[in-house]
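S.K.: model this:
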Amino acid sequence: METPGLVVHGEAEPFSTALRSLVNNRLYSDVRFVVGQERQEVFAHRCLLACRCNFFQRLLGPEPSPGVPSPVVLSTVPAEAFLAVLEFLYTNTVKLHRHSVPASVPPFPLPLMGSVRTLPHTHSVLEKNMHQSKEKYRYLCICLEFVVKVLDVELVCEALQVAVTFGLGPLQERCIAFIEAHSQEALRTRGFLELSASALLPLLRSDKLCVDEADLILAARSWARVGAAVLERPVAEVAAPIVRELRLALLAPAELSALEEQNRREPLIPVEQIVEAWKCHAMRRGNAARGASCRRRRGTLPRDHHRFLDLPFK
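M.R.: As a prediction, the model looks like this:
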């Protein structure tokens, strides 16, 4: 019986360091990328990319083109995110930076494919593009762990949008919990105004938002105005998927009257929803059929009529 050979493992760190020195190194490179809107030139090595990732196998083809090859243009990919992906492919590790992570979070190698807001891909892409079973989730997990550690008011809404777009449940939960604790600040960010309706809905359904309903209604109107300008659609049409989650019955009568007047000038909320809120005031109780619309949030400021509502904050 043949004696099995002895496998000798060298030190991992010097090996990783040597390969890292080849990232974006013109030396021995045989493929060139032009990346991002700034058209940054990035050098790489065909054999290494192809053996690590099926995406590059398909992109680069089995044989190099004769003569001087034309660069591969990836104009929609942020250069910093692309270099992070290359570093992981070359070394199996990656050094992440706060502002590059949102573009790197989606399933590998989605950063190569365009904006995270518009990609139709799902986690199945990860399955198809990484050879090693242990590696196909590692890059994603690294990015998600990093995002959770660096979450702040400016980053959280962008991270929430990524989580909703790609079905990253744990990240979505962490982002929502962060926004619940820092609601006032988060609602003032550009990231909040750029949320999709599907990302905004779970926020508006939360009882734990630390914000008063009057301020939340103002934020929802600002969000709808931005969406209306981008989509060239009426404000009320853009707001339709989310306004039912606004709890108008929490407003005092004077506030509700002011909202009704503003709504005449700039329609945002269906008239019947405002009528329902007035019914709560007239009947001096919450509408049991639509109990959530009368339930106070964590940040709801007290009004005299709140004692008549059926459902206090839980």
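S.K.: From L168, how far out is the nearest residue to L248 once chain neighbours are set aside?
M.R.: Leaving aside its chain neighbours, L248 sits nearest to A277 (3.6 Å; criterion: Cβ to Cβ, 6 or more residues apart in numbering). C-betas here are computed from N, CA, C, even on glycine. Distance from A277 to L168, counting by Cβ to Cβ, to the nearest Å: 36 Å.
S.K.: circling back: can I assume the residue nearest to L248 sits in a strand?
M.R.: No: under DSSP: H, G, I helix; E, B strand; the rest coil, A277 sits outside any strand and is assigned helix.
S.K.: what's the spacing between it and F15?
M.R.: 66 Å.
S.K.: of these two, who's got more company?
M.R.: Counted by other Cβ atoms under 10 Å, A277 and F15 do not tie: A277 has more neighbours, with 24 against 13.
S.K.: The more buried one contacts L256, correct?
M.R.: Yes: the criterion here is Cβ atoms under 8 Å, and A277 meets it with L256 at 5.8 Å.
S.K.: Overlap of the contact sets of the two?
M.R.: Shared contacts of A277 and L256, defined by Cβ atoms under 8 Å, 6 or more residues apart in numbering, are found at L248.
S.K.: these two touch, right, L171 and V162?
M.R.: Yes: the pair L171 / V162 is scored as a contact, 7.4 Å apart, by Cβ under 8 Å.
S.K.: So which of those two has more stuff around it?
M.R.: With neighbours defined as other Cβ under 10 Å, L171 and V162 compare such that V162 has more, 25 against 22.
S.K.: Can you say which helix or strand has that one in it?
M.R.: Assigned by DSSP states H and E, V162 falls within helix 153-165.
S.K.: helices or strands next to that helix in the packing?
M.R.: On a contact count with 3 or more Cβ pairs under 8 Å, 6 or more residues apart in numbering; DSSP states H and E, helix 153-165 meets helix 101-104, helix 169-181, helix 183-187, helix 190-193, helix 197-204.
S.K.: The fourth one packs against which elements?
M.R.: Counting contacts by 3+ Cβ pairs under 8 Å, 6+ apart, helix 190-193 is packed against helix 153-165, helix 213-231.
S.K.: Alpha carbons only: can I get the shortest one in CSV?
M.R.: The one in question is helix 153-165. Output of helix 153-165 as CSV, limited to C-alpha atoms (Å, rounded to 0.1, in the frame of the first residue of the first chain):
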residue,chain,number,x,y,z
VAL,A,153,-26.9,58.4,10.8
GLU,A,154,-25.4,59.2,7.4
LEU,A,155,-24.9,55.6,6.3
VAL,A,156,-27.9,53.8,7.8
CYS,A,157,-30.6,54.6,5.2
GLU,A,158,-28.3,53.7,2.4
ALA,A,159,-27.5,50.4,4.1
LEU,A,160,-31.2,49.8,4.7
GLN,A,161,-31.9,50.3,1.0
VAL,A,162,-29.2,47.7,0.1
ALA,A,163,-30.6,45.3,2.7
VAL,A,164,-34.2,45.6,1.3
THR,A,165,-33.0,45.4,-2.3
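S.K.: Would you mark the buried spots in it?
M.R.: V153, L155, V156, C157, E158, A159, L160, Q161, V162, A163, V164, T165 (16 or more other Cβ atoms under 10 Å).
S.K.: Nearest spatial neighbour of the first one, chain-adjacent residues omitted?
M.R.: In space, and not counting its chain neighbours, V153 is closest to E185: 4.4 Å by Cβ to Cβ, 6+ apart.
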